[in-house]
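Participant: coords please:
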Amino acid sequence: MFPKNRIRPHLFRGDAEFKKLVEKTSGKLLARGWKMACAESCTGGWIAKCCTDQAGSSEWFERGYVTYSNQAKKEMLGVDSATLDSSGAVSREVALQMAEGARRQAGVEAAIAVTGIAGPDGGSPGKPVGTVWFGWSLPGRSDTEVKQFSGDRDAVRRQSVAHALAGLIARLDS
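Facilitator: Okay, the predicted model is just below:
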């Protein structure tokens, strides 16, 4: 047991980076008068948490969907059952449908989606632990990207949150 008021530093690695990414994201969204939503699987709501840590986030952050199960992806985001069956939850097709579904369901201009294998189990030769698919959807444009992250479950999830936010910033810049 840790003494009261003692912070365990290893639990807080990366928070400054998340804060900077959220500040950039919010600035770009506010400048356009846009709101965003996120659809998260392996990050379990961490993107939404980082966004809502910023005071005033209700002006640009609409909602987050934690769609960990395939059933949640189908019910909350409209991901197609046939796509889940043919491509698997960790795929380009599902990331794209998650992003587009979050944008549509939330009625926002920007959406982020993340689906991956954080580990330590669940990987396969074709999709090893650390495989994460990202989707971004903006008006008239949706795209995806896959990354292979290393490290333990926490490291994969942290890298995924940072990459998802950085990816939205890049797309808002282009």
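
Participant: Quick check: which element contains the residue nearest to the spatial centre of the chain?
Facilitator: Residue closest to the average C-alpha location in the chain (Cα atoms, centre = their mean): residue 114, at 4.1 Å. Using DSSP states H and E, residue 114 falls within strand 110-116.

Participant: Give the other helices and strands that the longest helix seen in the chain contacts.
Facilitator: Taking DSSP state H as the criterion, the chain has its longest helix at helix 153-173. In terms of contacts (3 or more Cβ pairs under 8 Å, 6 or more residues apart in numbering; DSSP states H and E), helix 153-173 is packed against helix 15-32, helix 46-52, strand 110-116, strand 131-138, strand 141-148. Where you see a C-beta, it was placed from the backbone N, CA and C, and this is true even at glycine.

Participant: what is the orientation angle of the third one with helix 15-32?
Facilitator: The reference is to strand 110-116. 150 degrees (axes from the mean of the first three to the mean of the last three Cα atoms, to 10 degrees).

Participant: by contact count, what packs against strand 110-116?
Facilitator: Checking 3+ Cβ pairs under 8 Å, 6+ apart, strand 110-116 ends up next to strand 36-40, helix 92-106, strand 131-138, helix 153-173.

Participant: Report the inter-axis angle for that strand versus helix 92-106.
Facilitator: Using the same axes, to 10 degrees: strand 110-116 against helix 92-106 is 140 degrees.

Participant: Buried residues, stretch 82-93. List them.
Facilitator: Burial within stretch 82-93, assessed by neighbour count using 16 or more other Cβ atoms under 10 Å, is assigned to 83-84, 87-93.

Participant: Now that stretch - C-alpha only, CSV.
Facilitator: Output of stretch 82-93 as CSV, limited to C-alpha atoms (Å, rounded to 0.1, in the frame of the first residue of the first chain):
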residue,chain,number,x,y,z
ALA,A,82,-20.7,-9.5,-42.1
THR,A,83,-17.7,-7.1,-41.9
LEU,A,84,-16.9,-8.3,-38.4
ASP,A,85,-17.2,-11.9,-39.5
SER,A,86,-15.1,-11.5,-42.7
SER,A,87,-12.4,-9.0,-41.5
GLY,A,88,-12.4,-9.3,-37.8
ALA,A,89,-12.8,-6.5,-35.2
VAL,A,90,-9.2,-5.5,-35.6
SER,A,91,-9.3,-4.4,-39.3
ARG,A,92,-9.3,-1.5,-41.6
GLU,A,93,-12.9,-2.1,-42.5
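
Participant: which residues are contacting it?
Facilitator: Contact with stretch 82-93 is made by 41, 70, 73-74, 94, 97, 115-117, 127, 131-133, 144, 146, as judged by Cβ atoms under 8 Å, 6 or more residues apart in numbering.
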